[in-house]
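1. using only what follows, build the 3D model:
(chains A and B)
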2 protein chains.
Amino acid sequence: MTTATTTVGVIGLGSMGLGVAKTLCRAGFETWGFDVRDASVLELEQAGGHGASSPADLGRKVDVAIVLVATADQVRTVLFGEAGAAGTMHEGAVVIASATVPASAAIETGFQLSEHRILMIDGPVSGGVVGAESGNLSLMASGPDEAFVAAQSVLDAIASKVYRLGTAHGVGSTVKTINQLLAGVHIAASAEAMALGIRAGVDPKTLFEVISNSAGSSWMFNNRVPHILDGDYAPKSAVDIFVKDLGIVLETGKGLTFPLPLTATAHQQFLAASAGGLGRQDDSAVIKVFQKLTGIELPPEKDAS
Amino acid sequence: MTTATTTVGVIGLGSMGLGVAKTLCRAGFETWGFDVRDASVLELEQAGGHGASSPADLGRKVDVAIVLVATADQVRTVLFGEAGAAGTMHEGAVVIASATVPASAAIETGFQLSEHRILMIDGPVSGGVVGAESGNLSLMASGPDEAFVAAQSVLDAIASKVYRLGTAHGVGSTVKTINQLLAGVHIAASAEAMALGIRAGVDPKTLFEVISNSAGSSWMFNNRVPHILDGDYAPKSAVDIFVKDLGIVLETGKGLTFPLPLTATAHQQFLAASAGGLGRQDDSAVIKVFQKLTGIELPPEKDAS
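-> Predicted coordinates for the structure are as follows:
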């Protein structure tokens, strides 16, 4: 298939899905989108895409459907619900399942799709909104070779790196789960470190400059602490996403009877932030748990956008 | 002062101190060293340095003394003990205090040295043995300007980056403490993530390749996980160093009445490793806590060196 002949759809037009859909429009694909929020569909149409009235409507039109909803339940609904896409997609069509879900759910989805003779790539993404909007996502992807062949042009457009993790469903989601373990612990650790530094009287900008160039640095420290320094908690990725994602990590551990003490502790910090009304703010707002408890003075906050 | 006229000493010839001392020899400094272990002193002498018989003996000979012992107690002993260097160093000489110690200890040491009219740089280092041996350490340094002027040529030789964190003692050690908070949490999180991946059946090399290029990466993940993949637990930095350093972080939090849940959890993991007889192994051996508990199969281990 080529750009000219592959029609593609995105189910779930949140910040990630909308970014991916716009990238596909820009790359010349006939691009369909579905979301329960009309405003998101409208934004896609303004970017040159087409709004579908339901996942089933979308499924009828596309060769490749990228699912970028938030939860495993939503994946089940948009694929296998009353107006689900699986009932209308043609034989040999491909679902790229990119929501962060437990590996067990990815395996189940792949099995159900195969009963419809639809191929699946278990392909969660990394790279955030910036990666989605620029076609530079990373995919942690497993699934049958023919799915990768059929979706090649779409993958080329949305991702700068596709990690092929074998042909079995579940591996992509497992690797993503482990990435989220680290990402979540690192965001919570960044908050703990910056909060302690502020309490100890160190200038937070200086602290960031030193640590971001030292052995204490992490991708998340370098990416999220500037949000704190700028007082900008407009959600690039929200606190509640990590309540969910670290929840998936802990469920995975429980399913394997495997202890995850740091994950459990970081999950509690995100839960505490969400309990404090911060669930919809940027995940860097987890530092405000320390502010609420101890009254430390964070850099002045921008007006909420 | 110039290379030709500044005489320098290193107190504590562990892997870090010996690396620094050899770097100074190579840079053309008359370099003295002291350690309780004769083998380390011999190694310095073979590299062109001179062995001192005590810290006091060393203090008599040098303009700048770098203290690279392990603990705050050892710092007190080598500077102010019976054969301490503070009693013999000349007025206006400089101590670069590079051990990782609580900020309160650094402030106390600076005050005591000032009574001897000796200048101090509160200057913990980052960069590991590789940085020490190549003259590429980072210094997180605070102290009076005249100390930095007097020690300039020495700092140029041992460090590629000197963060000047103001004139007050304690700031350098606070920033280092916060760096160690993150470094320790990241090593323990790396172990937790790799252990879960192995338990879930993901190939550990593939997992490392994906995560090290993704948002879950950290300096420590990228640096330490290869030790696990290589089965090489010869200590570049030992488990017990993080038992100590995260202990300092927790003491700092306690002193400021500040909760540090992730630090506390990571500290328990290093304690568990040490309890399991792994204290002298590389800090990446903290993953063996999961192996001992769950029987996961780690990559085959090299013969201990």
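
2. so A:Ile121 bridges to which residues?
-> Under DSSP bridges, the beta-bridge partners of A:Ile121 are A:Ile96.

3. that one contacts A:Met140, doesn't it?
-> No: A:Ile121 lies out of contact with A:Met140 (CB atoms under 8 Å); the separation is 10.4 Å. C-beta here means a position set from N, CA and C on the backbone, and glycine is covered the same way.

4. what's the overlap in contacts for these two?
-> Here A:Ile121 and A:Met140 share the contacting residues A:Gly172, scored by CB atoms under 8 Å, 6 or more residues apart in numbering or on different chains.

5. show me the shaky parts of chain A.
-> A:1-4, A:304-305 (pLDDT under 70).

6. show the residue spans covered by the helices in it.
-> A:15-26, A:38-46, A:55-61, A:72-80, A:103-115, A:128-134, A:145-150, A:152-158, A:171-199, A:204-212, A:219-230, A:239-255, A:261-273, A:288-294 (DSSP state H).

7. by contact count, what packs against the first one?
-> Spelled out, that is helix A:15-26. Contact here means 3 or more CB pairs under 8 Å, 6 or more residues apart in numbering or on different chains; DSSP states H and E; on that basis helix A:15-26 packs against strand A:7-11, strand A:30-34, helix A:38-46, helix A:128-134, helix A:152-158.

8. looking at these, which is closest to A:Asn223?
-> helix A:128-134 (8.2 Å; CB to CB).

9. show residues contacting that closest one.
-> Contacts for helix A:128-134 (CB under 8 Å, 6+ apart): A:15-20, A:22-23, A:125, A:136-138, A:158, A:160, A:236-237, B:215.

10. for stretch A:12-27, same thing?
-> Contacts for stretch A:12-27 (CB under 8 Å, 6+ apart): A:3, A:8, A:10-11, A:31, A:33-35, A:37, A:40-41, A:43-44, A:47-49, A:66-70, A:74, A:78, A:98-99, A:125, A:128-129, A:131-135, A:137, A:154, A:157-158, A:236.

11. just the buried residues of the contacts of helix A:128-134.
-> A:15-20, A:22-23, A:125, A:137-138, A:158, A:236-237, B:215 (16 or more other CB atoms under 10 Å in any protein chain shown).

12. need the max-distance pair from those.
-> Greatest spacing in the buried ones among the contacts of helix A:128-134, by CB to CB: A:Lys22 and B:Ala215 (21.2 Å).

13. just name the closest of the buried ones among the contacts of helix A:128-134 to B:Ala264, please.
-> Once CB to CB is applied, the member of the buried ones among the contacts of helix A:128-134 that ends up nearest B:Ala264 is B:Ala215, at 25.2 Å.

14. minimum distance to chain B, which residue of the stretch 51-200 of chain A gives it?
-> In the stretch 51-200 of chain A, the residue that lies nearest chain B is A:Leu182 (3.4 Å; CB to the nearest CB).

15. isn't that residue right up against B:Asn222?
-> No: if you go by CB under 8 Å, A:Leu182 and B:Asn222 don't touch, sitting 11.3 Å apart.

16. and these two? Which one has more around it.
-> A:Leu182 (29 against 17; other CB atoms under 10 Å in any protein chain shown).

17. contacting residues for the more buried one?
-> Contacts of A:Leu182 (CB under 8 Å, 6+ apart): B:189-190, B:193, B:211, B:216-218, B:221.
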